[in-house]
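Q: Predicted coordinates and the sequence they were generated for:
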Number of protein chains: 2
Amino acid sequence: MAHIPEQQSVRRDADSASDLARAGARQSPAPVPTSADVARLAGVSRATVSYVLNNATSVRISEPTRRRVREAADELGYVPHAAARSLRAGHSRMVLMPAPSMPVGALYRHFFNELQWALRRLDYTVVQFGSLGTSGDEAARAWAELRPVAVLAPGDGTLTPRGVQVLKRSGAKAVVTLGPQRVEGAHALLMDQRTVGRCAAAHLLDRGRGGIGVVVPREPGFETFSVPRLAGVRAAAEPAGARVVPLELGYNEQSAAQLAARWRESGLDAVFAYNDEYAMLLLRALQDAGVDVPGETAVMGADDLLLGRLLRPRLSTVRMELPSGQRLAELVDRAVRDPSGDPEVHRLLGAEAVPRDST
Amino acid sequence: MAHIPEQQSVRRDADSASDLARAGARQSPAPVPTSADVARLAGVSRATVSYVLNNATSVRISEPTRRRVREAADELGYVPHAAARSLRAGHSRMVLMPAPSMPVGALYRHFFNELQWALRRLDYTVVQFGSLGTSGDEAARAWAELRPVAVLAPGDGTLTPRGVQVLKRSGAKAVVTLGPQRVEGAHALLMDQRTVGRCAAAHLLDRGRGGIGVVVPREPGFETFSVPRLAGVRAAAEPAGARVVPLELGYNEQSAAQLAARWRESGLDAVFAYNDEYAMLLLRALQDAGVDVPGETAVMGADDLLLGRLLRPRLSTVRMELPSGQRLAELVDRAVRDPSGDPEVHRLLGAEAVPRDST
DNA sequence: TTGAAAGCGATACCAA
DNA sequence: TTGGTATCGCTTTCAA
């Protein structure tokens, strides 16, 4: 024991080199190296380690010392402890994006990825937090425990004003909802799905249709989109004297066949089928039932999927647009820097009818 | 000032009720309440607060005290600080699931969600960490900073053995890859995409085809799947004397039309089109070019999408199966509890040909 | 140029 | 039954 400096604690006595050697063998789980271990191995103080590894500009450290520290860190496989760091700092750069609880389209996924990427470029750590299972305020509490600097929550009604309060009190500088609804106290990136319905209805009216069916997926989780889309169709069509009828449809051939079999009695001459997938399903079923599309009935989807163009007749659709993730990332950044600003509301979703051969 | 106990620091002087009141006004950002604040308001020690809020069983706290503490916590909107807690505890229950860097199918998404849900039931905190942009060992370091108890990484080659070492040294009890490749030192949930190719090839050979084209998507990011699928076709077809030809295809009508235009000169009589979407695209293009399917050429997809059944002829496909997320969650849990266990390798992906009318 | 020490928030041991 | 206090890993001010 004579060679071991007195101040070292028993646990730290074991010299780091042999710790490292033992890491391969699965015996005792090698203790996770801390900055103190690095300091010891490099023969400097913890402060110096911190200075070197963080490239502190306020202090000048000699080049040989820097090298010794870097080598020691490398040898030990030292990785700083994010929690300890942000605890000390009093803040983090974590942006929490609770993952959407419903299946989302490619457009949204793309936007989501872009946003994530842009935030990372602004030096935020983006973390997706699966919120499935927990609900509402409970979820907000769980998020708040992580002390994110900003929260990008789905604007689908999960988050309540109370939830926003909880998050803000826990130190979140910005709470932003992303979806069809807005929430008191939070910024909103509003993707108003009614626009999609309105757009589809306008096109169908334009084609002279007077009885519009609106497909409402039977699968759970789609209400956040399907309800406002239906409302949008109503808002645009009913004032113009058209009839609007919601139609339940399950995503399977049988359900589509049933709907198609009753089609003629419904007296409808058009259908907005929620999205391209349901539209393709229904279009095929109608054709199989002998209903002429677009002669007897117009069929319209949404999402502008490539696959819709492969059908005959080619599927008319609603193309949606989202702004670049970059812009939204900047909004988040602004909100973080100036938490006192009033909640901003941005309408994001652009929609445009793409007439093809099915209407 | 007379009414304020001497021991309170200046910052804490402001009484909590008025802090709360000020939270609505956006003046000074109300300080985030800590357990000390709760203790002060309830007139107890921080220790007691901790006991009450964590339902500690080793200590008995009187009911009135419990109530006072709970009310104080409620009034302040207190939420515990996860980082501080896990720092003290020396471990967390965080499972990191770096989000897949490529677009994935519905099957995988479903599996992913199920796994996430099952882990949460086992009391883990599941966090998805977007790894886009950072690469390889750099990413592993970023993950390690969060000190997750387990990491579920995409098994697509991003993670290196070095990365695994970094994670383990940072205290991760289990590192599990999820994808086509395995990595030294980590458990593997192997989804060997060659199986899919083999399965498709077997079916096509069965149908008497001797020249098999294999679509390789031109879009970036698909290599991790397309390369092993091609290899699988080769492995199954070439020993049987069939010819295998890779075919680049972009996901657009033009690219498909080009490929179809050159079809007859290729002399192929079958194509495995990567997945149903590419298959549908190509099938339509072949038909438009006057190629008879399945007479002249068989077309096969993968994923068993509903939409594939809507085409005429109905698309033959490869249906894939993944085990329940529950089982995998249990595997992760086992690995966490017994970090010394040897890396397990599980083959996950089941594949089965679904013959329909296009082959 | 480097080191000592305080402190971030929560917990658990030991006393009282 | 409750309170004081050391501790987790890291950063940063102040002194040397």
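A: Alright, I've got the coordinates.
Q: Going by residue numbers, what spans are strands in chain A?
A: Taking DSSP state E, the strands of chain A run over residues A:94-99, A:125-130, A:150-154, A:174-179, A:187-190, A:211-217, A:243-249, A:270-272, A:298-300, A:317-321, A:345-347, A:350-354.
Q: Highest mean neighbour count out of those strands?
A: strand A:270-272 (a mean of 32; mean count of other Cβ atoms under 10 Å in any protein chain shown). Any C-beta I mention is one placed from the backbone N, CA and C, and that applies to glycine too.
Q: from the chain's centre, how far out does it sit?
A: Mean-position distance between strand A:270-272 and its chain equals 30 Å (Cα atoms, centre = their mean, to the nearest Å).
Q: other SSEs contacting it?
A: helix A:194-206, strand A:211-217, strand A:298-300 (3 or more Cβ pairs under 8 Å, 6 or more residues apart in numbering or on different chains; DSSP states H and E).
Q: how about 10 Å then?
A: Judged by 3 or more Cβ pairs under 10 Å, 6 or more residues apart in numbering or on different chains; DSSP states H and E, strand A:270-272 is in contact with helix A:194-206, strand A:211-217, helix A:223-237, strand A:243-249, helix A:276-288, strand A:298-300.
Q: Could I get the average pLDDT for it?
A: In this model, strand A:270-272 carries a mean pLDDT of 98.
Q: quick one: strands adjacent to that strand?
A: Applying DSSP bridges, strand A:270-272 is found paired with strand A:211-217 (parallel), strand A:298-300 (parallel).
Q: In the stretch 151-300 of chain A, which residue sits nearest DNA strand C?
A: Nearest residue of the stretch 151-300 of chain A to DNA strand C (Cβ to the nearest atom of the strand) works out as A:G171 at 8.7 Å.
Q: Grab the nearest non-local neighbour of that residue.
A: Residue nearest to A:G171 in three dimensions, not counting chain neighbours: B:V32, with 4.5 Å by Cβ to Cβ, 6 or more residues apart in numbering or on different chains.
Q: Count the neighbours of that neighbour for me.
A: 20 (other Cβ atoms under 10 Å in any protein chain shown).
Q: Now do the same contact list for it.
A: For B:V32, the contact set (Cβ atoms under 10 Å, 6 or more residues apart in numbering or on different chains) comprises A:90-91, A:144, A:147, A:168-172, B:76-79, B:81.
Q: one step back: among the helices and strands packed on strand A:270-272, which is the most enclosed?
A: Using mean count of other Cβ under 10 Å, strand A:298-300 ranks as the most buried of the helices and strands packed on strand A:270-272, with a mean of 29.
Q: which residues pair with the residue nearest to A:L204 when sequence neighbours are not counted across the strands?
A: Distances taken as Cβ to Cβ, 6+ apart put A:A270 closest to A:L204, at 4.6 Å, once the chain neighbours are dropped. When bridges are called by DSSP bridges, A:A270 pairs up with A:I212, A:A298.
Q: Any chance of the strands paired with strand A:270-272 in TSV with distance to A:A186 and mean pLDDT as columns?
A: Output for those, formatted as TSV (distance: least, Cβ to Cβ, whole Å; pLDDT from 0 to 100):
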stretch	distance to A:A186	mean pLDDT
strand A:211-217	28	98
strand A:298-300	33	98
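Q: List phi and psi for the residue in the stretch 51-200 of chain A that DNA strand C sits nearest to.
A: Relative to DNA strand C, the nearest point of the stretch 51-200 of chain A is A:R60 (2.6 Å; Cβ to the nearest atom of the strand). Dihedral angles phi and psi of A:R60 (degrees, to the nearest 10) take the values phi -110, psi 120.
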